[in-house]
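**Q** Below are the sequence and a predicted model; questions follow.
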Amino acid sequence: MFQTLANAWKIPDLRKKILFTAFIVVIYRIGANIPVPFIDIPGTGLIDSSSGTTFLNYLSMMTGDAFNYGTIFALSITPYINSSIIIQLLTVAIPALERLSKEGEEGRKKIAQITRYMTLALGLLQSVAYFIYLNSKKYVLYTGKDIFPQVFQALVIIAVLTAGTTLVMWLGEQVNGKGIGNGISIILFAGIISRIPTEMTMLFGVETNGYFSRGGIYYFLAPFVLVCYLLMIAFIVWMDNAERRIPVQYAKRVVGRKMYGGQSTHIPIKVNMSGVMPVIFASSILSLPPTIELFVSSKIKEDSFWETFFGWFAPTSVVYAVLSFLMIIFFAYFYAAIQYNPTEMANNIRNNSGTIPGIRPGKPTAQYIEKIISRIILLGALLLSVVALFPTLFTIITEAILGEGKGMNISLGGTSIIIMVGVALETVKQLESQMMLRHYKGFLD
């Protein structure tokens, strides 16, 4: 990877793109540290570190702690991600959107425009919800009874947050056009990676975090966690590159005076074909009950059903781990079903005079591809679950060994690592393709 970056830096055109991308990241990180007017959040942040895996923790992770400290980029790119997911799902359900997706470049531009409008609507909705939460926690400056200051304060906060998420979306699109890599992924990567120094400080350097003050086994656990992170990164790289190749043989055919076909190729099926999306879906849904608990915690009685119910969704709960495991597998199948259509793949092979060796064309080919994809999805979902659930399982195991309340909580979860490694690999591959393209151009010239 470092060799690829060094080689890309030597090419003036690519160097400009890398510098432009770095400039956009710097702008994003500056905005992520500028506070919203009329908000006064303490230095410890908005979210209690003991609140577990609530939706607020999830948002803070996705925004690089901008959400935690009430900055102008507090919502970051999450409204755009949610909008993209919704539009992608609606493309399958709504025929008009499906037709647009098949109309080439013009259709993609129209879908992108619809996605932007939905991002603005979701950003406005989330800004209102964020303001209501801040107001309930008394983190807004004016708390008097006069109507005009209250309305003006609310409008300014909501407008700044909505404008912030729109600006982040625009910055991502600028990277797509003038930089290197996927702009939205780069911004997401920058937000997550900005948390690493804090995580490492908590894990190794600060005595007040409670790990070293307890002594004993914690001196061993902290380096062990770092080794596990490195192994997880290597595992994700291997999983991202792994694929199942379905062989395809094309028959010879004569068109005019030329002969086409007669070659062997393959259809690559990635083991992790759904990427990090199943983990994001599962995390979002399972974090909703703890988030609801934040608003009703004062009304919950001890030893009641609701206290037990919300306890199931704590990060150290076995029920949480099991539900997360099952939901990751479910969403892996669901998301892959949207991306891959075995019948359409079989028809494309037959229309191009191709066959899978030993399989008859038509329905038998579709059934064969469906069986292969189903097995690959299960394997990929199981591997993805291992990485995503590592922090939860590690906390459960350390609590079982050291006692309740003494487990080692790892806040930089498997989802963050999968996103970071995936974006890094995607960017490096794009750099390699850009260098290869320029190499061919130079050769032809």
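**A** Here it is on my side, so go on. Numbers count the residues shown, from 1 in each chain.
**Q** Hmm, E173 is touching I186, no?
**A** No: if you go by Cβ atoms under 8 Å, E173 and I186 don't touch, sitting 11.4 Å apart. In short, each C-beta sits where N, CA and C put it, glycine included.
**Q** Looking at the two now, which is surrounded by more residues?
**A** I186 (25 against 15; other Cβ atoms under 10 Å).
**Q** Could you list the single helix or strand in the protein with the lowest mean pLDDT?
**A** In the chain, the helix or strand scored least confidently by mean pLDDT, DSSP states H and E is helix 211-214, which has a mean of 43.
**Q** Can I get the helix or strand just after that helix in PDB, CA atoms only?
**A** Downstream of helix 211-214, the next assigned helix or strand under DSSP states H and E is helix 218-241. The C-alpha trace of helix 218-241 is given here as PDB (Å, rounded to 0.1, in the frame of the first residue of the first chain):
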ATOM      1  CA  TYR A 218      -4.800  -5.300  32.700                       C
ATOM      2  CA  TYR A 219      -1.100  -4.800  32.000                       C
ATOM      3  CA  PHE A 220      -1.500  -7.900  29.800                       C
ATOM      4  CA  LEU A 221      -4.900  -7.200  28.300                       C
ATOM      5  CA  ALA A 222      -4.100  -3.800  26.700                       C
ATOM      6  CA  PRO A 223      -1.200  -5.100  24.500                       C
ATOM      7  CA  PHE A 224      -3.300  -8.200  23.800                       C
ATOM      8  CA  VAL A 225      -6.100  -6.000  22.500                       C
ATOM      9  CA  LEU A 226      -3.700  -4.200  20.200                       C
ATOM     10  CA  VAL A 227      -2.500  -7.500  18.800                       C
ATOM     11  CA  CYS A 228      -6.100  -8.600  18.200                       C
ATOM     12  CA  TYR A 229      -6.700  -5.400  16.300                       C
ATOM     13  CA  LEU A 230      -3.800  -6.100  14.000                       C
ATOM     14  CA  LEU A 231      -4.900  -9.700  13.400                       C
ATOM     15  CA  MET A 232      -8.400  -8.400  12.700                       C
ATOM     16  CA  ILE A 233      -7.100  -6.000  10.100                       C
ATOM     17  CA  ALA A 234      -5.200  -8.800   8.400                       C
ATOM     18  CA  PHE A 235      -8.300 -11.000   8.500                       C
ATOM     19  CA  ILE A 236     -10.500  -8.300   7.000                       C
ATOM     20  CA  VAL A 237      -7.900  -7.700   4.100                       C
ATOM     21  CA  TRP A 238      -8.000 -11.500   3.400                       C
ATOM     22  CA  MET A 239     -11.800 -11.600   3.600                       C
ATOM     23  CA  ASP A 240     -12.100  -8.600   1.300                       C
ATOM     24  CA  ASN A 241      -9.900 -10.100  -1.400                       C
END
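**Q** what sits up against stretch 161-170?
**A** 28, 31, 36, 71-80, 116, 119-120, 123-124, 126-127, 130-131, 184, 187 (Cβ atoms under 8 Å, 6 or more residues apart in numbering).
**Q** can you do 6 Å?
**A** If you take Cβ atoms under 6 Å, 6 or more residues apart in numbering as the criterion, stretch 161-170 is touched by I72, F73, A74, L75, S76, I77, P79, Y80, T119, G123, L124, S127.
**Q** Which ones among those residues lie within helices?
**A** Mapping the contacts of stretch 161-170 onto helices (DSSP state H) picks out P79, Y80, T119, G123, L124, S127.
**Q** Count the neighbours of the third one for me.
**A** Meaning T119. That count, for T119 with other Cβ under 10 Å as the rule, works out to 25.
**Q** any weak-confidence spans in the stretch 1-150 of the chain?
**A** 1-2, 48-55 (pLDDT under 70).
**Q** which residues in it form helices?
**A** Ranges of helices within the stretch 1-150 of the chain are 2-9, 12-31, 55-62, 78-93, 95-101, 105-136, 147-178, based on DSSP state H, counting those that start in this stretch.
**Q** okay, the ones you listed in a markdown table with distance to R244 next?
**A** Shown next, in a markdown table, are those (distance: least, Cβ to Cβ, whole Å):
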| stretch | distance to R244 |
| --- | --- |
| helix 2-9 | 26 |
| helix 12-31 | 33 |
| helix 55-62 | 31 |
| helix 78-93 | 24 |
| helix 95-101 | 26 |
| helix 105-136 | 29 |
| helix 147-178 | 30 |
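**Q** I157 contacts F131, doesn't it?
**A** Yes: between I157 and F131 a contact is recorded at 5.1 Å, counting by Cβ atoms under 6 Å.
**Q** mind listing the strands for the stretch 201-350 of the chain?
**A** 243-250, 253-255, 258-260, 264-270 (DSSP state E, counting those that start in this stretch).
**Q** Select, out of those, the one closest to S194.
**A** Among those, strand 264-270 comes nearest to S194, with 28.9 Å by Cβ to Cβ.
**Q** What is that closest one packed up against?
**A** Judged by 3 or more Cβ pairs under 6 Å, 6 or more residues apart in numbering; DSSP states H and E, strand 264-270 is in contact with strand 243-250.
**Q** Quick check: buried residues in the strand it packs on?
**A** R244, I246, V248, Y250 (16 or more other Cβ atoms under 10 Å).
**Q** the inter-axis angle of it versus strand 264-270?
**A** Strand 243-250 and strand 264-270 are oriented at 150 degrees to each other (axes from the mean of the first three to the mean of the last three Cα atoms, to 10 degrees).
**Q** Which elements pack onto strand 243-250?
**A** strand 264-270, strand 354-355.
**Q** So for the longest one, mean pLDDT?
**A** Which is strand 264-270. Throughout strand 264-270, pLDDT has a mean value of 82.
**Q** quick one: strands adjacent to that strand?
**A** strand 243-250 (antiparallel) (DSSP bridges).
**Q** now the strand it pairs with, how far from the chain's geometric center?
**A** 30 Å (Cα atoms, centre = their mean, to the nearest Å).
**Q** low-scoring stretches of the stretch 301-445 of the chain, by residue?
**A** In the stretch 301-445 of the chain, residues with pLDDT under 70: 301-303, 315-316, 399, 401-414, 438-445.
**Q** can you give me the helices for it?
**A** So, for the stretch 301-445 of the chain - with DSSP H, counting those that start in this stretch - the helices run 305-311, 318-339, 342-351, 363-388, 390-402, 414-444.
**Q** Show me what counts as buried in the last one.
**A** Across helix 414-444, burial judged by 16+ other Cβ under 10 Å covers 414-424, 426-428, 431, 434-435.
**Q** could you say what helices and strands that helix packs with?
**A** helix 2-9, helix 183-193, helix 218-241, helix 363-388.
**Q** hang on, the earlier thing: for the helices of the stretch 301-445 of the chain, which one sits closest to L59?
**A** Nearest of these to L59, taken as Cβ to Cβ: helix 414-444 at 12.4 Å.
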